[in-house]
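Model the following, please.
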Amino acid sequence: MAGANVLEINDLNFDSEVLKSNVPFLLDFSAVWCGPCKVLAPIVEKLADEFQGKVKVGKLDIDDSPAVASKFGIRGVPTVLVFKGGKEAGRRLGRALVGVARPAARASPARDAGGALLRPRAHRRGRARLGVLRDVE
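Down below sits the predicted model:
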């Protein structure tokens, strides 16, 4: 359920609400089963309240509206797109968005069974990944 100033967007009203909007439109692609989407939801609602009248804010469930999600190549959630003048003007993907919602100071480093910190291993595409994805507090 979206907040009072967050519009529910779907395949049927996408063109009229988002593409034909006379103000910039921030669209949050999410899903009911997505944990990071639930973390991001209060932030999206706060933005909708703060920028009421200047920016429209909407939420689109990718399971209920697969045509729009497919049209914009949404492969993971949460993903936020900004539209201006009926065209995509910006995009932010999952992990970057959740980093906004969860300060780094609260994140616990990954540790092995003995409590030692795990070091990132080089991923073949140049990114780092942790050997064990376990959060020990």
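
which helix is the longest one in the chain?
For the chain, the helix with the greatest residue count under DSSP state H is helix 35-50.

any idea of the mean pLDDT for that one?
In this model, helix 35-50 has a mean pLDDT of 92.

Which positions in that helix come out as buried?
Buried residues in helix 35-50, counted by 16 or more other C-beta atoms under 10 Å: Pro36, Cys37, Leu40, Ala41, Ile43, Val44, Glu45, Leu47, Ala48. Backbone N, C-alpha and C define where each C-beta goes, glycine included.

Pretty sure the second one sits against Ala31.
Yes - at 6.1 Å, Cys37 and Ala31 qualify as touching, with contact defined as C-beta atoms under 8 Å.

tell me, what's touching these two both at once?
Common neighbours of Cys37 and Ala31 are listed as Val77 (criterion: C-beta atoms under 8 Å, 6 or more residues apart in numbering).

Just give me the neighbour total for Ser70.
Close neighbours of Ser70, defined as other C-beta atoms under 10 Å, add up to 12.

before we move on, what about the one 3 residues further on?
The burial count assigned to Gly73 is 8, neighbours taken as other C-beta under 10 Å.

can I assume it sits in a strand?
No - under DSSP: H, G, I helix; E, B strand; the rest coil, Gly73 sits outside any strand and is assigned coil.

dump the residue contacts of it.
So Gly73 contacts nothing (C-beta under 8 Å, 6+ apart).

how close does it get to Leu93?
Between Gly73 and Leu93 the computed distance is 11 Å (C-beta to C-beta, to the nearest Å).

Ok, Lys59 next?
Taken as C-beta to C-beta, the span from Lys59 to Leu93 is 16 Å.
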